[in-house]
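Enquirer: Build me a structure from this.
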Amino acid sequence: MSRDATEWFNPYRLNGTMASRDPLCLLSLEDWEKRAAEAQAVVDADPELKKARCRLEERQKRVEREGKQKKEKDSFEAHLRKTTQLIFSSSRQMPTLCEPRNLYSFKPQLLGAPVPPRWPNEVSCIPDPISHSPYVPKHRELLHKPDNDGHVPQHGNGGRLVYFYPPCSEPYFKRSRVGESVASEGSMCCKLESSSDYTLLFESRFESGNLQKAVQVRPFEYELWLRCDLYTQKHTQWYYFRVQNMRPGVTYKFTIMNLLKPDSLYNHGMKVLMYSEKKATQKKIGWHRVGHHIRYYKNNLRREDGKADQFCYSLTWQSEFPYMDDVCYFAHCYPYTYSDLQEYLQKLSQDTIRSQICKQRILCRTIAGNLVHVLTITSFAGSPVEAEAKRAIVVTARVHPGETNASWMMKGLLDFLTGSSRDAKILRDNFVFKIIPMLNPDGVIVGNYRCSLAGRDLNRNYRTNLKDSFPTVWYTKQMVKRLTQEREVVLYCDFHGHSRKQNVFIYGCDNKTDPSMRLHERVFPMMLQKNAPTKVCTNGVS
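Expert: Numbering: from 1, shown residues only. Now for the predicted structure:
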C-alpha cells in the first residue's frame, strides 16, 4: 500500500496534513461522511487497498472470536471448580472424577497401593493380619492310600463345644466397613482351664477363613462344621482355619461334617494342606500336604438347605503336629487372599521395568466397595498402525472364591507375561492382554466357596443386566464389548479349580448359531494338548 493511499484512508487527515487528535479538532458529521465516501471510493478503485481492508476486517473478527472463546472457557472452568466431584492435575488442566468419599468411608489411595479389605458390617474379624511364608515344594505331592473300609461312622451325638461362630443374622447384605469388628453376638472361643488342658483352640475370623463350629467329642478328636456362603444355606466345601495349643507326638482326628458334594479328590489320593509357623521359621517349609486315614463319605446328617431327603458328606483325616505350642493352619487348597493380590499388584506397579508393560486401573467396585483391578499387558512402544493391528486376549480368574488354585495360575501367567523371556516378548508384541485377576473379591474376603455377597453364583449370572447386584459381571461384559469394537478378541479364558477332576482340562462353548466355528473354538485346547501332552488331554473336552 502506498503512503498517499494510507493517508487518504486515515480519518484524521485534513487538507493533506495530519490534524491534532484532540476531539475538538475533529470534523463535523457532514464532513466526516463526505471524507469517508471519498476514502471508500479510493479503496474500491484500488484492488490492493481493497484486499488490505478485507485482511483487517478478518483479523478483527478473529480477535473478537478468540476473546469470546477464552471468556467462555474461563467461565466453564470456574463453574467446574465449584463442584467437589472433579479434580484437576497439576500438570494438565484436565478434569477427572475424584474418589467417591461420601459413599465409601476411607481416603482415596494411590493406584497400586494396598487397600484394606471391606467386610460386611455384621461379620467379625480379628485384628491380627494373617500371612504365610512363600514356599515351593521341591518334590511332587505324595498321594495317600484311600481308606475305604466300608464302615460309616455315626456323628452328631454331642460333645463339648469349643468354638462357635454363628452364621450371619442378616438375610441379605446391607453395608460394609473397613477393619476389625467386635465379636458377633453368640460367638465363643474355648478358654483353657489350666496349663495341662490339651484342648485345641480354633479360629477362622480372618480373611478367607471358614469354620463355623468345632465340637470336641474325645480328648483328641474334633467334629467341625463349615459356614455356608453368606446369605445362602449351601455351598460348603472351602475350609481354612487355625489351631493352637497342640501337643507333639499325639494323633489328632478331625471330621468336617457338612460337606455337600458326593465325591472329592480326597478319595483319590489328595491329602489335607497344613501350615506350621514354627516349621516355616525353622525349616523354611510353608504349606505342605499331611494326613493319613483320609476318607470322604456320606454321613447320617440330613441337609438343611431345603433338600432334607439328601444327606451331608464328611471328610475325616488324622495327623500329628511337629512342635509344642505351635500355630498351625488347615486349608482345602493353598490360600490366596484379596490382600495377597493387593500386595502383588503393588510390587508390580513399583517395578520400573514390568510397570512399563503392565498398566493397572480400576474396573469397578464390588457391592461392598472393594476394588476390582483390570490389567493391560502389551508392548506399548511402536507405531499406531502396529498397535491397531494387535488382537486381544481376555483372561479372568477367581469368580469362585474357594477355587484358590485359579489365583495361583493367574499369578504364574502374570509373572510370565511381564517377564523377560523371548516367548513373552513375542506375545506382548502381537497381542493386547486384558486381565482381571479377581472377579469376586467380596467372596474371597469372607471365605465363601462360590457366591458373592449378593448370595448368588456370579458364574451363573453372565446374562444378567442387574448392574447394582452383580457389578463385576456387568463391567466385565462392558469392557469386552468395548474391546471388540476396537480390535478382534481371539480368546476369552476364565481360570477355575475343580474338586473332583485332576490336571488341566477345558470347558468350552459350542457356537450353535454358526456350525462353521465349531472347530475354530477347539484350536486353543488343541494347542495346549500339543505343548503339554502329559498335563492336558483333549479327549474329555466338552
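Enquirer: Low-confidence ranges, this protein, go.
Expert: Applying pLDDT under 70 to the chain picks out residues 1-29, 32, 43, 72-113, 148-157, 182-187, 307-309, 537-542.
Enquirer: Can you list the residue ranges for helices in it?
Expert: 3-9, 29-45, 47-80, 277-283, 338-350, 384-389, 405-417, 422-430, 441-446, 471-486, 523-531 (DSSP state H).
Enquirer: among the ones you listed, which is nearest Y135?
Expert: Closest to Y135 of those is helix 277-283 (Cβ to Cβ; 7.2 Å). For every residue, glycine as well, the C-beta is placed using N, CA and C.
Enquirer: What about the nearest residue to M324 once chain neighbours are set aside, how many residues nearby?
Expert: Counting by Cβ to Cβ, 6 or more residues apart in numbering, the nearest residue to M324 once its immediate chain neighbours are dropped is P248, at 5.5 Å. The tally of other residues near P248 (other Cβ atoms under 10 Å) stands at 11.
Enquirer: I'd say P248 and C328 touch.
Expert: No. Look at P248 against C328 with Cβ atoms under 8 Å: they stay out of range, at 11.3 Å.
Enquirer: which residues do those two both contact?
Expert: Among the neighbours of P248, those also in contact with C328 (Cβ atoms under 8 Å, 6 or more residues apart in numbering) are F321.
Enquirer: What sits closest to Q237 if chain neighbours are left out?
Expert: Spatial nearest neighbour of Q237, chain neighbours left out: Y449 (4.8 Å); criterion: Cβ to Cβ, 6+ apart.
Enquirer: separation between the residue nearest to M324 and Y329?
Expert: Per Cβ to Cβ, to the nearest Å, P248 is found 17 Å from Y329.
Enquirer: who touches F431 in this structure?
Expert: Listed by Cβ under 8 Å, 6+ apart, the contact partners of F431 are 378, 390-393, 490.
Enquirer: give the contact list for the residue nearest to M324.
Expert: 320-324.
Enquirer: Mind checking which of those land in strands?
Expert: Under the assignment DSSP state E, the contacts of P248 contribute E320 to strands.
Enquirer: hang on, the earlier thing: output the contacts of F431 in a markdown table; the columns should cover neighbour count and distance to N405.
Expert: Converted to a markdown table, the contacts of F431 look like this (neighbours: other Cβ atoms under 10 Å; distance: Cβ to Cβ, whole Å):
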| residue | neighbour count | distance to N405 |
| --- | --- | --- |
| T378 | 22 | 26 |
| K390 | 19 | 30 |
| R391 | 12 | 28 |
| A392 | 20 | 25 |
| I393 | 22 | 21 |
| V490 | 13 | 25 |
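Enquirer: Tell me how many other residues surround the nearest residue to P401 once chain neighbours are set aside.
Expert: In this structure, P401 finds its nearest non-sequential neighbour in G443, 3.5 Å apart by Cβ to Cβ, 6+ apart. Residues near G443, counting by other Cβ under 10 Å, number 31.
Enquirer: didn't G443 look like it was pressed against S452?
Expert: Yes. With contact defined as Cβ under 8 Å, G443 counts as touching S452 (5.1 Å).
Enquirer: Relative to Q212, how far out is the residue nearest to P401?
Expert: For G443, the distance to Q212 - Cβ to Cβ - is 16 Å.
Enquirer: next one: C493
Expert: Applying Cβ to Cβ, the value for C493 to Q212 is 34 Å.
Enquirer: Looking at these two, which has the bigger crowd around it?
Expert: Ranked by neighbour count (other Cβ under 10 Å), C493 and Q212 place Q212 first, with 20 against 13.
Enquirer: for the nearest residue to L341 once chain neighbours are set aside, what are its contacts?
Expert: Excluding the flanking residues, the one nearest L341 by Cβ to Cβ, 6+ apart is M438, at 5.4 Å. Contacts for M438 were tallied using Cβ under 8 Å, 6+ apart; they are 338, 341, 372-373, 397-398, 407, 444.
Enquirer: Tell me, how many residues neighbour the closest residue in space to W474 that isn't next to it in sequence?
Expert: Using Cβ to Cβ, 6+ apart and skipping residues adjacent in sequence, the residue nearest W474 is K467, 4.3 Å away. For K467, the neighbour count with other Cβ under 10 Å is 13.
Enquirer: What of K347?
Expert: Residues near K347, counting by other Cβ under 10 Å: 11.
Enquirer: gap between it and S355?
Expert: 10 Å.
Enquirer: Same check on Q282?
Expert: Taking Cβ to Cβ as the measure, Q282 falls 36 Å from S355.
Enquirer: okay, those two: which has more neighbours?
Expert: Counted by other Cβ under 10 Å, Q282 and S355 do not tie: S355 has more neighbours, with 15 against 11.
Enquirer: Quick check: closest non-adjacent residue to the more buried one.
Expert: Using Cβ to Cβ, 6+ apart and skipping residues adjacent in sequence, the residue nearest S355 is S349, 5.4 Å away.
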